[in-house]
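[1] here is my input; please provide its structure:
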Amino acid sequence: HPARDANKPDYLATLHNLSIALNVSQNVVFLKQTLPLDELSLFSAASEAMITPYIGRRQYVSGTITQAMSFGSVVISTPFEYAEAMLADGRGILFPFENATALAEIMIGVLEDPTQAAGMRCRAYTFTRRFIWQ
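    Predicted structure coming up:
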């Protein structure tokens with residue numbers, strides 16, 4: 001996250017090396033820039049899932065959750081108030097704060113059950129239609 005560790009010169013290199021070690025580097029893109037909203041939206045629209053692993057409840061809103069849902073992505077988040085409201089009724093999945101094991105289990109479950117993922121995508125997309133301006 002840019003606000004967290006971007007000033008550390010080896011931050012992106014560390015993440016890149018980790019992606020290689022985990023054998024996921026072919027599925028990850030690292031950019032050394034902040035993207036304008038229209039370009040960021042292209043990445044969001046192409047994503048099958050979006051994870052918001054906040055470490056505490058002090059997060060009040062999340063435009064990225066709303067945007068990902070509006071594109072029909074599966075959203076997996078820690079349970080801050082906005083996420084709880086947005087992801088209720090099967091529109092996404094919540095996992096406990098600072099619990100990487102739970103996150104991994106949820107992500108594997110989503111990947112192994114495309115029917116469950118498709119249902120979440122549909123419910124999320126349908127729910128966010130109320131936020132579209134005309």
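
[2] C-alpha from now on. contacts and neighbour counts both.
    Noted.

[3] where along this structure do the helices fall?
    Listed in chain order, the helices of the chain (DSSP state H) span 2-5, 11-21, 37-46, 63-70, 81-86, 100-112, 114-128.

[4] averaged pLDDT, the fifth one. What do you get?
    Right, helix 81-86. Here helix 81-86 scores 96 as its mean pLDDT.

[5] run through who's touching that helix.
    If you take CA atoms under 8 Å, 6 or more residues apart in numbering as the criterion, helix 81-86 is touched by Arg57, Gln59, Tyr60, Val61, Ser62, Ile65, Thr66, Ser77, Gly92, Leu94.

[6] go again with 7 Å.
    For helix 81-86, the external contacting residues (CA atoms under 7 Å, 6 or more residues apart in numbering) are Arg57, Tyr60, Val61, Ser77.

[7] residue ranges with poor pLDDT in the protein?
    1-9, 134 (pLDDT under 70).

[8] how near is the most centrally placed residue in it to Ala88?
    Among the residues of the chain, the one closest to the centroid is Met50, at 2.0 Å (CA atoms, centre = their mean). Separation of Met50 from Ala88 (CA to CA, to the nearest Å): 16 Å.

[9] do the same with Val29
    Using CA to CA, one gets 30 Å for the distance from Val29 to Ala88.

[10] if you count surrounding residues, which of the two has more?
    In this view Val29 and Ala88 are compared by other CA atoms under 10 Å, and Ala88 has more residues nearby, 13 against 9.

[11] need phi/psi at that one.
    phi -60, psi 170 (degrees, to the nearest 10).
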